[in-house]
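1. pasting the sequence and the predicted model now:
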Amino acid sequence: MNDTQTTPTPVIPADAVTPVAPAPAAAVPPKPVDDNPIVFYCKDCGEIVDVRRVGGKYVYTCKKCGTKNVAFGTKKSIYGFFKLEDKEKAKLREAKREEKRRMQMGDKSIKPRAS
Ligand SMILES: [Zn+2]
């Protein structure tokens, strides 16, 4: 076997190819983050709630308790301000733990826990 490799040399006339410069990353406008919507937080309920807008003003009442003690902002800012992230995470962790416990107990042994 002869190992003479013939490397094909592409012959492309330079002026036949339109040089396409890769767009610099900075030139691409960042996509609007749809992950950060406006949320409403009722300070009385202590959670994210649905609200009803009062008149044409920026006044919102909580659909749950009816007070105007509602703050609103982007999800990020609200969560950051009221430190909801941790609560949510803790809730999630708790839910997962509960699920695990139920799985371990099996279907048959589901009984109302006597307190
Ligand atoms: Zn409320």
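-> Happy to help now that I have it.
2. kindly report the residues of the protein close to the ion.
-> 42, 44-45, 62, 64-65 (CB under 5 Å from the ion). Heads up, the C-betas are built off the backbone N, CA and C, glycines and all.
3. and the helix or strand where residue 89 lies, what's buried?
-> Element membership for residue 89, per DSSP states H and E: helix 84-105. Residues of helix 84-105 classed as buried: residue 84 (neighbour count, 16 or more other CB atoms under 10 Å).
4. so where is this structure shaky, pLDDT-wise?
-> Across the chain, the ranges flagged by pLDDT under 70 are 1-4, 10-33, 107-115.
5. quick one: the strands in it?
-> Using DSSP state E, the strands of the chain run over residues 38-42, 47-48, 51-54, 59-62, 70-74.
6. reformat those strands as CSV; add mean neighbour count.
-> Listed next are those as CSV, based on neighbours: other CB atoms under 10 Å:
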stretch, mean neighbour count
strand 38-42, 19
strand 47-48, 16
strand 51-54, 13
strand 59-62, 18
strand 70-74, 16
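7. figure out which of these is closest to residue 88.
-> Closest approach to residue 88 among these is made by strand 47-48 (9.3 Å; CB to CB).
8. just checking, what packs against that closest one?
-> strand 38-42 (3 or more CB pairs under 8 Å, 6 or more residues apart in numbering; DSSP states H and E).
9. neighbouring strands for the strand it packs on, and are they parallel or not?
-> Applying DSSP bridges, strand 38-42 is found paired with strand 47-48 (antiparallel), strand 70-74 (antiparallel).
10. TSV for those strands, including distance to residue 103?
-> Listed next are those as TSV, based on distance: least, CB to CB, whole Å:
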stretch	distance to residue 103
strand 47-48	28
strand 70-74	37
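11. closest to residue 86 out of those?
-> strand 47-48 (13.5 Å).
12. do you know which of the strands paired with strand 38-42 lies nearest residue 9?
-> That would be strand 70-74 among the strands paired with strand 38-42, by CB to CB, at 56.4 Å.
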